[in-house]
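Undergrad: Just the structure for this:
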Amino acid sequence: MRQKKPRLVITFETTTMALKMEKVCHAAGAPGRLIPVPREITAGCGLAWLAAPEEREIVLSAMQDGGVIPQDIHTL
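TA: Reported below is the predicted structural model:
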């Protein structure tokens, strides 16, 4: 069985904001990728950004610099 690891999941209210997150993070070289929102979470648009918890500060810095507004930030 696959061992579950902690992960940072950032949700968004709109698909536009999720796609902006992808663009901003790729431009800044921030780690992570877009995923469907996990079942444990509810979110407006159905997309979330996934990264490792130890990369939280890098991702949040890129978000702030790029003007991305998250709906919520979870560590699962």
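Undergrad: Grab the nearest non-local neighbour of the most centrally placed residue in the chain.
TA: In the chain, the C-alpha nearest the mean C-alpha coordinate belongs to residue 49, at 2.3 Å (Cα atoms, centre = their mean). Closest residue to residue 49 apart from its sequence neighbours, by Cβ to Cβ, 6 or more residues apart in numbering: residue 10 at 4.2 Å. Any C-beta I mention is one placed from the backbone N, CA and C, and that applies to glycine too.
Undergrad: Spit out the contact partners of the one you found.
TA: By Cβ atoms under 8 Å, 6 or more residues apart in numbering, the residues touching residue 10 are 21, 48-49, 51, 59, 63, 70, 72-74.
Undergrad: so who does the residue nearest to the centre of the chain touch?
TA: Contacts of residue 49 (Cβ under 8 Å, 6+ apart): 9-10, 12, 18, 21-22, 25, 32-35, 59.
Undergrad: what's the answer for residue 36, then?
TA: Counted by Cβ under 8 Å, 6+ apart, residue 36 has contacts 46-48.
Undergrad: Same question for residue 71.
TA: So residue 71 contacts 11-13, 43-44 (Cβ under 8 Å, 6+ apart).
Undergrad: of the contacts of residue 36, buried ones?
TA: Among those, those buried by neighbour count (16 or more other Cβ atoms under 10 Å) are 47-48.
Undergrad: Return the subset of the contacts of residue 36 lying in strands.
TA: Judged by DSSP state E, the subset of those located in strands is 47-48.
Undergrad: Throw the contacts of residue 36 into JSON lines and include pLDDT, thanks.
TA: Converted to JSON lines, the contacts of residue 36 look like this (pLDDT from 0 to 100):
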{"residue": "46", "pLDDT": "93"}
{"residue": "47", "pLDDT": "95"}
{"residue": "48", "pLDDT": "96"}
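Undergrad: Residue 22 and residue 28 touch, don't they?
TA: No - counting by Cβ atoms under 8 Å, residue 22 does not reach residue 28; the two are 11.2 Å apart.
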